[in-house]
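Participant: got a predicted model here, sequence first, then my questions.
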Amino acid sequence: EDIKISKLYLFTLALALATASDAVEILCIGFIMTALNDGISSYQKELLTSAVFIGMLFGGLLFGYLSDIFGRKPCLLTSLVLNVIGGIFSSVVPNIPLLIVCRAISGLGIGGSIPIVFSLGAEVFPSNRRGQLLSLIASFWMIGAIYSAVTAWVML
């Protein structure tokens, strides 16, 4: 039974870290925008800020549908990979239009992972622990926010 409990906590931690990474990906652009004062128009700032949310809209719709067909775990992993790909390419693209595209790709992943994380948790967690563990997962959003702020403070 101890193995069962430890697997449950590892699974919870994995879902919580996915939530934290989503928070970092959403919040980092606010910090980055403060460093992008030169060479970026107001229109580009608006697109850059909204790209992740537009991606989230379509990611939530797409992955919500796909997770009912192919299962939560594969769709969660796919959405997290999209988030990582968008984030990595965001760090190396040479211009603002490509950065906007990469942020939208990250948004697709974020929009897919957020609902799947909580749906998967609600389906897997035992009923006597479900509320507690889902709340723990949700609290990792703040851990991601704090990580994002501290990293920006150190790097920018």
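Facilitator: Looks like it arrived, so ask away.

Participant: tell me which stretches of the protein form helices.
Facilitator: 2-35, 42-70, 72-90, 96-124, 130-155 (DSSP state H).

Participant: now the first one and helix 72-90, what's the angle there?
Facilitator: What it means is helix 2-35. Using axes from the mean of the first three to the mean of the last three Cα atoms, to 10 degrees, the direction of helix 2-35 lies 30 degrees away from that of helix 72-90.

Participant: pull out the buried residues from helix 2-35.
Facilitator: 12, 15-29, 32 (16 or more other Cβ atoms under 10 Å). C-beta here means a position set from N, CA and C on the backbone, and glycine is covered the same way.

Participant: who are the packing partners of it?
Facilitator: helix 42-70, helix 72-90, helix 96-124, helix 130-155 (3 or more Cβ pairs under 8 Å, 6 or more residues apart in numbering; DSSP states H and E).

Participant: among those helices, which comes closest to K4?
Facilitator: Distance to K4, taken as Cβ to Cβ, is lowest for helix 96-124 among the helices and strands packed on helix 2-35, at 12.0 Å.

Participant: can you give me the buried ones in that closest one?
Facilitator: Under the neighbour-count criterion of 16+ other Cβ under 10 Å, helix 96-124 has 96, 99-117, 119-121 buried.

Participant: so which residue is smack in the middle of the chain?
Facilitator: Residue closest to the average C-alpha location in the chain (Cα atoms, centre = their mean): D22, at 2.0 Å.

Participant: go ahead and confirm L48 touches G30.
Facilitator: No. In this structure, L48 is not within contact of G30 by Cβ atoms under 8 Å, at 10.4 Å.

Participant: quick check: angle from the worst-scoring helix or strand of the chain on mean pLDDT to helix 42-70?
Facilitator: Across the helices and strands of the chain, mean pLDDT, DSSP states H and E gives its lowest value to helix 2-35, namely a mean of 88. Put simply, helix 2-35 runs at 160 degrees to helix 42-70, going by the same axes, to 10 degrees.
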